[in-house]
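Student: sequence? don't have it. structure:
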């Protein structure tokens, strides 16, 4: 009797948020069983062979000047890491990566949220629209980039410039991938165009999980649509926001495919990102040691940023 | 019940045994039989460049017919993939017997870099090595060994629209002044003189590569060595004339607008739809232009100076093949290379790669005929990157030229960036 009452009181806040018929599972006495540890062994071995061992080998390479072929001859300790900070290309790529990240994280999530709100309404074609907005995500980034290269044809009579010209918006025509001031943003547009639908799906899942009662109660209290959005939708979407920001953040910090296929880091070094530098140092220049050092720095950087972001946003979720 | 189970168990055991036996057999095959092709099964694996596919597939078939019991498995990859996957395979010790290798030095998959790392077998005792023209031998040799096979040289010239030239009453130019006059006339007719798509990095180098044989190498055939010895720099040499000409042509409106935003595909397209009249292009890629231009396609050497005697042409040894030191059956691999080195096979392979063969040949692609006389006269210079000491100069050049065309740097500034990369 006592035990059942504590159970009920413990479950109370959750019930208030989402009144559901208590599942029969809750009544069952809890049996704490865990599978034997060796069940995890195959997965662990796979992980070790495919992820852990190469990662630590790579870490080791970062302290050498290995060319990628033959034996490792010299250990240079921290020289590679020191060199990064006097390497104009690497520093430029850090700047480009950060700029891209800020723009992509903000714009992609805002657009994703707007799309989600749009297709969460009672619009007739909402199911078709959801599919259409998500569709770019199922195509490989390489294909998408090749298609966008055609769209970005700088000729005034072709691609996006042609459309702008036909609309009388000639002043908006650009040398999309060739202008060093523009190329980085052109790449951001590709990434956002492709990934906004993905953010939308996650926001949509969050929206679906918000109980109608909250809105109904707020409406009874006379809250305006703006107030409902501000005080119900946004806080309730916090977990979805956390995931979306995390995904777009890590994706943008390690952006590679779209850059390599559209500009190859050019014109000049205008769109070089940390990932393209890592690739080029290893596979084009044959500086595997240096490349590994930049990769180690990138890994540490992304981990710190992602971890901090998670800490901050999770705290907000609790509130 | 128990009977059926035991039968199943028996069957499984047989399958296992058979697999094991097959495995043993395969190992036996790959280790045994070093003496001449013909006895027993022998296999050869090749990874080659996409541009070698047509030629190699035909020759492999011939080789297999002539050598019963030999199976050659070839796969083909675009250049970028060769740089990444094959190099990784070489590092990991599981590369195919024969791999695509770029002659000379200057890229991570180049002959000199791979030979230096001890990844390639010496081929210097093969007969064909003596037929390589003198000016090109440097691209084949590292220290005293020959580490790459290549059937010929591709040249750089100017693709042009013969129909348009006829309409405008233009002649194929033989001096720089004539060439620039032609470009002015084309421009006056409202057509882009030269299509240029430097969004695709390797396109950036074509114009300077076409100019330096006349502006640098015909005066100074040893220029490559002088650079290595530190006696001269890019910025102090005729390279400055080449880069200045490049920038000047852009200022005079010889190129389409926004070359840095234009891709190599869009260049082909511009020649195809007649919005551009010419393009400096390497012969190995003429096929794409042939597809869109058909009969209208013409090709002439770019005259780099007003002195016809100085106007050498650029010839780059085309991508070749090397035998890896990891080859399971190096004898067979070398035998296959020797087969490719037979005179008629050199010609067949070079022709299929739109190149001038390093062997006497009667039937040259008519497009290449105007270039052959330069070869006979020894008035050619190899693509300059084949003597560059590291893999960083060429990418530095691509970026520097993009910056020059984008107005972010001058010809001097661009060459200074290359000198910096060269010194590394």
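Tutor: Arrived safely. The shown structure was predicted, so the numbers you read here are calculated from the model rather than taken from an experiment.
Student: where does residue B:254 fall, phi/psi-wise?
Tutor: phi -80, psi -20 (degrees, to the nearest 10).
Student: OK, contacts around whichever residue of the stretch 101-250 of chain A sits closest to chain B?
Tutor: Distances between the stretch 101-250 of chain A and chain B by Cβ to the nearest Cβ are smallest at residue A:178, namely 2.6 Å. C-beta: built from backbone N, CA, C; applies to glycine. Neighbour list for residue A:178: A:154, A:267, B:198-199, B:258-262, B:406 [criterion: Cβ atoms under 8 Å, 6 or more residues apart in numbering or on different chains].
Student: most surrounded residue in those residues?
Tutor: Counting neighbours by other Cβ atoms under 10 Å in any protein chain shown, residue B:199 leads those with 32 neighbours.
Student: just give me the closest of the contacts of residue A:178 to residue B:314.
Tutor: Nearest to residue B:314 among these is residue B:198, at 18.1 Å by Cβ to Cβ.
Student: wait, residue B:371 touches residue B:313, no?
Tutor: Yes - counting by Cβ atoms under 8 Å, residue B:371 does reach residue B:313; the two are 5.9 Å apart.
Student: shared neighbours of those two, anything?
Tutor: B:155, B:157, B:301.
Student: quick one: which of those residues has the most company?
Tutor: residue B:155 leads these on contacts (other Cβ under 10 Å) with 28 neighbours.
Student: what sits against the residue lying closest to the residue of the stretch 101-250 of chain A closest to chain B once chain neighbours are set aside?
Tutor: Leaving aside its sequence neighbours, residue A:178 sits nearest to residue B:261 (Cβ to Cβ, 6 or more residues apart in numbering or on different chains; 2.6 Å). Shown in contact with residue B:261 (Cβ under 8 Å, 6+ apart): A:152-154, A:175-179, B:199.
Student: at 10 Å instead, please
Tutor: A:149, A:152-155, A:161, A:174-179, A:182-183, A:186, A:263, A:267, B:197-199, B:406 (Cβ atoms under 10 Å, 6 or more residues apart in numbering or on different chains).
Student: likewise for residue B:97?
Tutor: Residue B:97 neighbours (Cβ under 10 Å, 6+ apart): B:43-47, B:72-73, B:121, B:323-324, B:326-330, B:332-334, B:336.
Student: for it, give its distance to chain A.
Tutor: 17 Å (Cβ to the nearest Cβ, to the nearest Å).
Student: need the per-residue pLDDT for that residue.
Tutor: Looking at residue B:97, its pLDDT reads 95.
Student: next, count neighbours for the residue nearest to it when sequence neighbours are not counted.
Tutor: Nearest residue to residue B:97 in three dimensions, chain neighbours excluded: residue B:327, at 3.8 Å (Cβ to Cβ, 6+ apart). When neighbours are counted by other Cβ under 10 Å, residue B:327 registers 21.
Student: for residue B:316, same thing?
Tutor: For residue B:316, using other Cβ under 10 Å, the count is 28.
Student: wait, residue B:187 sits on residue B:253?
Tutor: Yes - if you go by Cβ atoms under 10 Å, residue B:187 and residue B:253 touch, sitting 6.0 Å apart.
Student: who has more neighbours, the two?
Tutor: Taking neighbours as other Cβ under 10 Å, residue B:187 and residue B:253 compare with residue B:187 leading, 16 against 13.
Student: if I look at the more buried one, how far off is chain A?
Tutor: 17 Å.
Student: which helix or strand contains that residue?
Tutor: Counting by DSSP states H and E, the element that carries residue B:187 is helix B:176-188.
Student: who does the next helix or strand after that helix touch, helix- and strand-wise?
Tutor: Using DSSP H and E, the helix or strand that follows helix B:176-188 in sequence is strand B:192-194. Using 3 or more Cβ pairs under 10 Å, 6 or more residues apart in numbering or on different chains; DSSP states H and E as the contact criterion, the elements in contact with strand B:192-194 are strand B:152-161, helix B:176-188, helix B:239-251, helix B:264-272, strand B:276-282.
Student: please identify the deepest-packed of these.
Tutor: Stretch with highest mean neighbour count among the helices and strands packed on strand B:192-194: strand B:152-161 (a mean of 26; mean count of other Cβ atoms under 10 Å in any protein chain shown).
Student: neighbouring strands - and their directions - for that strand?
Tutor: Under the criterion DSSP bridges, strand B:152-161 sits next to strand B:276-282 (antiparallel), strand B:297-300 (antiparallel), strand B:313-317 (antiparallel), strand B:356-357 (antiparallel) in its sheet.
Student: let's have those in JSON lines, adding mean pLDDT.
Tutor: Formatted as JSON lines, the strands paired with strand B:152-161 follow (pLDDT from 0 to 100):
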{"stretch": "strand B:276-282", "mean pLDDT": "96"}
{"stretch": "strand B:297-300", "mean pLDDT": "95"}
{"stretch": "strand B:313-317", "mean pLDDT": "90"}
{"stretch": "strand B:356-357", "mean pLDDT": "90"}
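Student: would you agree residue A:299 is in contact with residue A:58?
Tutor: Yes - Residue A:299 is within contact range of residue A:58, at 9.2 Å (criterion: Cβ under 10 Å).
Student: can you list the residues of the stretch 1-150 of chain A near chain B?
Tutor: Taking Cβ under 10 Å from any Cβ of the partner chain as the test, the list of the stretch 1-150 of chain A residues beside chain B reads A:66-71, A:89, A:146, A:149-150.
Student: rewinding a little: sec struct for the residue of the stretch 101-250 of chain A closest to chain B, please.
Tutor: With DSSP: H, G, I helix; E, B strand; the rest coil as the basis, residue A:178 sits in coil.
Student: check what pLDDT it gets.
Tutor: 93.
Student: residue A:284 now?
Tutor: pLDDT, read off for residue A:284, is 87.
Student: measure it to chain B for me?
Tutor: 6 Å.
Student: can you report how many residues neighbour residue B:382?
Tutor: If we define neighbours as other Cβ under 10 Å, then residue B:382 has 22 of them.
Student: give me the phi and psi for it.
Tutor: Torsion angles, degrees, to the nearest 10, at residue B:382: phi -70, psi 160.
Student: pretty sure it sits against residue B:315.
Tutor: Yes - the pair residue B:382 / residue B:315 is scored as a contact, 6.3 Å apart, by Cβ under 10 Å.
Student: ok so, going back, quick one: the contacts of residue A:178 as a markdown table, columns for distance to residue B:101 and secondary structure too.
Tutor: Listed next are the contacts of residue A:178 as a markdown table, based on distance: Cβ to Cβ, whole Å; DSSP: H, G, I helix; E, B strand; the rest coil:
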| residue | distance to residue B:101 | secondary structure |
| --- | --- | --- |
| A:154 | 36 | coil |
| A:267 | 30 | coil |
| B:198 | 27 | coil |
| B:199 | 28 | coil |
| B:258 | 36 | coil |
| B:259 | 31 | helix |
| B:260 | 31 | helix |
| B:261 | 34 | helix |
| B:262 | 31 | coil |
| B:406 | 34 | coil |
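Student: distance of whatever residue of the stretch 201-350 of chain B ends up closest to chain A relative to residue B:356?
Tutor: When scored by Cβ to the nearest Cβ, the stretch 201-350 of chain B has residue B:261 as its residue closest to chain A, at 2.6 Å. Noted for residue B:261: a distance of 34 Å to residue B:356, by Cβ to Cβ, to the nearest Å.
Student: now do residue B:63
Tutor: Counting by Cβ to Cβ, the gap from residue B:63 to residue B:356 is 24 Å.
Student: quick one: low-confidence parts of the chain?
Tutor: The chain I'm using is chain A. Low-confidence segments of chain A (pLDDT under 70): A:1-31, A:318-319.
Student: you answered for a different chain; I wanted chain B.
Tutor: B:1-40.
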